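**Q** what shape does this take:
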Amino acid sequence: MTRRGRYSECAACDAEKQVQGLAQDIVKSLSVFNSLSYLKTGSYVFNVTNRMLRKTLDLGKPARTIGDYGNTIDALYEIIYEGSGSLKRVPDGLKENKDFVGFTIKFLRADLRHDLEHGDEKEIRTKKQRLSEIYSKYAGKPSLGTLENSDFAKIQIELLVEVKSFLMAFEQQLRKARSLESLARTEGR
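**A** Next comes the predicted model:
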């Protein structure tokens, strides 16, 4: 089943409750995960700042406009990407796939907040092609400019589902490992 298909089946569901539930699950997961990480390693994977705490509120607000969507992407970027030290505290094995949600969040935020037309022509084409793949995957449309307000909630829900799945997979690996260092060593086998 495609991601869009799964969302379409739930289209009659109350998107607001779905977003709020996913956001709550993610915040709880981050808390449990960080506690486990601290017990095993003496440090947190996701360093939560006061600003990030405020951003968790944006995760639970449905994206009905491009502004709401931007707030969601900014929140995910700060919590997942920046919170993990630009993904440095996430084991490489979880980041091997180009579709890793941390990279997706980084690309979506860059599209919203930065001028992508810097660099050489090949680099610009590569960025735009990757973004087109991302938007096609989540909304069935090729770019931010082609999205309608109804697409923002679809993308938000799918991203929240992926973040939740990522955190669950990461937690399972951490529970099996004695430490993050041992997790990194076992990946190389």
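
**Q** where in this protein is the helix or strand with the lowest mean pLDDT?
**A** Of all helical and strand segments in the chain, the minimum by mean pLDDT, DSSP states H and E falls on helix 3-9, at a mean of 48.

**Q** from residue 152, how far out is residue 160?
**A** Distance, residue 160 to residue 152, by CB to CB, to the nearest Å: 12 Å. C-beta here means a position set from N, CA and C on the backbone, and glycine is covered the same way.

**Q** just residue 63 next, same as before
**A** To residue 152, residue 63 is 4 Å away according to CB to CB.

**Q** and if you look at residue 89?
**A** Residue 89 is 29 Å from residue 152, by CB to CB.

**Q** which of these two has more residues huddled nearby?
**A** Between residue 89 and residue 152, residue 152 has the larger neighbour count (other CB atoms under 10 Å), namely 23 against 16.

**Q** helix, strand or coil: sort out the more buried one for me.
**A** Recorded secondary structure, residue 152: helix (DSSP: H, G, I helix; E, B strand; the rest coil).

**Q** adjust the sequence numbering to begin at 304 for everything that follows.
**A** All right, first residue 304 from here; so that's residue 455.
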